[in-house]
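1. let me see the structure of the following:
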Amino acid sequence: MMDKIRIKDIAERAGVSVGTVDRVLHNRPNVSKPAREKVEQALKEMKYQPNVYASALAYNKSYVFIALIPQHESEAYWEEVEQGLKKAMEMRRDFHIDVKLMFYERFNNESFVDCYTQCLESNPNGVIIVPVDIETTKVFTDKLHERQIPFIMLDSYMPDLKPLSFFGQDSFCSGYFAARMLMLIASGEKEIMIMKLMKDGHVTSKQQVNREVGFRHYMHDHFPNIEILELHLPFKGTRAEYDNMLRDFLDAHPNVHHCITLNSKAHIMGEYLLRTNRRDIQIMGYDMVAKNAECLRQGSISFLIAQHGYQQGFSCVDSLFKAIVLRKKVQPVNYMPIELLTKENVDFYRRTQL
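-> You can find the predicted model right below:
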């Protein structure tokens, strides 16, 4: 019945012209306060719900959203995000939504600046940002605010930059949860190892930094006597380099039986343990990429925490669509579930499930 309510019906009930109703429905100017109140009262009494999808289709406008994400290899967390972005575009093709991907090099602020400069030159309708450091990102987001271009943050939340919305895990809680799960099987240990991939003395994302804060917070409160040893691997090392560093570390620390990495590269150590037939050491990591999943099935990885990258990518585009095309309010903060995977449930996890 709501679809059959005509503008003429609303005008008759409110005692105003059809043009006045049309201006109120589309939030246009030149409507007196008494007339607007009459129309709004009529809409309320008639329980009118506008068909925003039909209106958007009828408008027949094209929209361009640009996503700035890090360059990545295949079988990585970012690949899932990219698939989600593309799926959302595919599902909204009737609304003439185009999602363009721009890639910047991690740890290279000049690359990020070049990327966002190209983005601004394209004058998009909306932007999705995987941020770098807050100072560099703020220069970009200030320009977006000046141009009234809404943007969504993915992976790392920087509320001071005032994004339209955020999608990602609560990094601190995720790290805290990881420590708690690891200690279910490692509570009797004297030492545990945390494996980091480093470039120029830094880990690969702000999110991992926050996870480590949560991890160490739990360990400090509940297992202060367990020593946390760090192994730093080069961000783009070879398998031979990784194998040598892992062998040297484990030989030097024979009491280490449990390890954790707060990134998606747990398979670096998991595959090493399988190749060397070391069954007295297990590792915990993040992301259900194929190599990690195989190590999980074979037992060298004990737990994986899923980030739902596909869902994050899809939801970013979907939120821009709702806010810009349908002009709906969207949820400002959207934390992804913290899901624990083991070899018993890994085959039931669907990477592309929404």
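
2. going forward, measure contacts between C-alpha atoms and count neighbours the same way
-> Noted.

3. so which residues of the stretch 1-150 of the chain form strands?
-> 63-70, 97-104, 126-129 (DSSP state E, counting those that start in this stretch).

4. could you give the number of residues near R278?
-> Neighbourhood size, R278 [other Cα atoms under 10 Å]: 12.

5. and it, that one's in a strand?
-> No - under DSSP: H, G, I helix; E, B strand; the rest coil, R278 falls outside any strand and is assigned coil.

6. which residues pair with the closest residue to M288 other than its chain neighbours across the strands?
-> Distances taken as Cα to Cα, 6 or more residues apart in numbering place A306 nearest to M288, at 5.9 Å, with adjacent residues excluded. Beta-bridge partners for A306, by DSSP bridges, are E339.

7. give me the pLDDT value at A306.
-> What the model reports as pLDDT for A306 is 91.

8. now the one 3 residues further on
-> G309 carries a pLDDT value of 89.

9. one step back: I figured the residue nearest to M288 hits L340, correct?
-> Yes - counting by Cα atoms under 8 Å, L340 is a contact partner of A306 at 6.5 Å.

10. more neighbours, these two?
-> Per other Cα under 10 Å, whichever of A306 and L340 has more neighbours is A306, with 22 against 17.

11. how close does the more buried one sit to I69?
-> 19 Å (Cα to Cα, to the nearest Å).

12. what's the answer for F215, then?
-> 26 Å.

13. what comes up buried for stretch 262-278?
-> 262-274 (16 or more other Cα atoms under 10 Å).

14. oh, I was asking about stretch 216-231
-> Quick answer for stretch 216-231 (16+ other Cα under 10 Å): 216-219, 223, 226, 231.

15. out of these, which are inside strands?
-> Judged by DSSP state E, strands contain the following of the buried residues of stretch 216-231: L231.

16. between the buried residues of stretch 216-231, which is closest to D200?
-> L231 (14.8 Å; Cα to Cα).

17. ok, now which ones touch that closest one?
-> Counting by Cα atoms under 8 Å, 6 or more residues apart in numbering, L231 touches 193-196, 249.

18. bridging residues for it?
-> L231 has these beta-bridge partners by DSSP bridges: M195.

19. where does it land on pLDDT?
-> Note on L231: pLDDT of 97.

20. can you put the buried residues of stretch 262-278 in CSV and add secondary structure and pLDDT?
-> Listed next are these as CSV, based on DSSP: H, G, I helix; E, B strand; the rest coil; pLDDT from 0 to 100:
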residue, secondary structure, pLDDT
L262, coil, 95
N263, coil, 91
S264, coil, 90
K265, coil, 92
A266, helix, 95
H267, helix, 95
I268, helix, 96
M269, helix, 97
G270, helix, 96
E271, helix, 96
Y272, helix, 97
L273, helix, 96
L274, helix, 96
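
21. in stretch 34-46, what's buried?
-> 35-36, 38-40, 42-43.

22. from these, which land in helices?
-> Judged by DSSP state H, these include 35-36, 38-40, 42-43 as members of helices.

23. can you tell me how far R239 is from R279?
-> R239 is 20 Å from R279, by Cα to Cα.

24. same thing with Y77?
-> Counting by Cα to Cα, the gap from Y77 to R279 is 27 Å.

25. who has more neighbours, the two?
-> Taking other Cα under 10 Å, Y77 and R279 do not tie; Y77 has more neighbours (22 against 11).

26. pLDDT score for N30?
-> For N30, pLDDT reads 85.

27. now it: closest residue in space, sequence neighbours ignored.
-> N30 sits nearest to R23 (Cα to Cα, 6+ apart), 7.9 Å away.

28. what's the answer for Y242, then?
-> Nearest to Y242 is L233, by Cα to Cα, 6+ apart, at 6.9 Å.

29. quick one: the one you found from V132, how far?
-> Distance, L233 to V132, using Cα to Cα: 21 Å.

30. what helix or strand does the residue nearest to Y242 sit in?
-> strand 227-234 (DSSP states H and E).

31. what residues sit buried inside the next helix or strand after that strand?
-> Moving toward the C-terminus from strand 227-234, the next helix or strand (DSSP H and E) is helix 239-252. Across helix 239-252, burial judged by 16+ other Cα under 10 Å covers 242-243, 245-246, 249.

32. what angle sits between helix 239-252 and strand 227-234?
-> Put simply, helix 239-252 runs at 160 degrees to strand 227-234, going by axes from the mean of the first three to the mean of the last three Cα atoms, to 10 degrees.

33. which helices and strands does helix 239-252 pack with?
-> strand 227-234, helix 266-275 (3 or more Cα pairs under 8 Å, 6 or more residues apart in numbering; DSSP states H and E).

34. quick check: which of these is nearest to Q83?
-> helix 266-275 (21.7 Å).

35. relative to whichever helix or strand comes after the closest one, what are the paired strands and their orientations?
-> Scanning forward in sequence from helix 266-275 by DSSP H and E, the next helix or strand is strand 282-286. Counting by DSSP bridges, the strands paired with strand 282-286 are strand 258-261 (parallel), strand 301-306 (parallel).
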